[in-house]
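**Student:** pasting a predicted model and its sequence here:
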Amino acid sequence: MAQTLAAAVHSELVIKKSRFIGCVQPVADREAALRVVNDLRAAHPGAAHVCWALMAGGQSAANDDGEPGGTAGRPMLEVLRHQDLEGVLATVVRYFGGVKLGAGGLVRAYTDAVAQALLGATKLPLQRLRTLSCSVPYAMEGMLRRELAAAGASLGAVEHGTLVRCTFQVVEADAVALVARIDDASQGRAVWADADA
């Protein structure tokens, strides 16, 4: 089962005078990951390289940032894959120490920087969310909101038309039970639409 991280965790290695500052952190998508990478470049203007790897489903990517091809980003990505992580960005900032490490040395350094950071990381099971939309008469809006809050659902858009329509996200495993509770409480007057479909 895929996991994500609770928070960002850092590591630092010095190998033959080169300094490798590693970080693994949860991110929502590629856009958020690129913002983090750009912030790192701004925070470390003297760094020789800011390499990164992202595991985020169809948005996964790896970048060597000027290191020889396949010696930084891809090995970092493999560490994330091996740990079965999803929605996670790994970054390594390298300050060059004047001694070349060779391709094998670079692969080990970047892999170790990510692996060391992951040793201190708290992993959380990745729970898939389901987006649903429910319409109820105005008199039942309070009941609907209470049921959503009790289920830990995240309320999104609320539209007031002929009926009150609430769009929300809930953990996929809890969706069927929540729908049943709302159907019971509304005496079958709730109208459903699956926003994921």
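**Tutor:** Nice, I can see it.
**Student:** which pLDDT does the model give the most centrally placed residue in the chain?
**Tutor:** Centroid-nearest residue in the chain, with Cα atoms, centre = their mean: Gly87, separated by 2.7 Å. pLDDT recorded at Gly87 is 88.
**Student:** can you map out the helices along the protein?
**Tutor:** For the chain, applying DSSP state H gives helices covering 30-43, 73-82, 102-119, 141-150, 172-185.
**Student:** show me what the second one packs onto, helices and strands only.
**Tutor:** Going back to what we said before, that points to helix 73-82. Using 3 or more Cβ pairs under 8 Å, 6 or more residues apart in numbering; DSSP states H and E as the contact test, the elements touching helix 73-82 are strand 49-55, strand 61-63, strand 88-95, helix 102-119. For the C-beta atoms, the positions are set from N, CA and C on the backbone; glycine is no exception.
**Student:** now do the buried residues in it.
**Tutor:** 73-77, 79-80 (16 or more other Cβ atoms under 10 Å).
**Student:** just to revisit the earlier point, so which of the helices and strands packed on helix 73-82 comes closest to Gln25?
**Tutor:** Nearest of these to Gln25, taken as Cβ to Cβ: strand 88-95 at 5.6 Å.
**Student:** and the angle from that closest one to strand 49-55?
**Tutor:** 170 degrees (axes from the mean of the first three to the mean of the last three Cα atoms, to 10 degrees).
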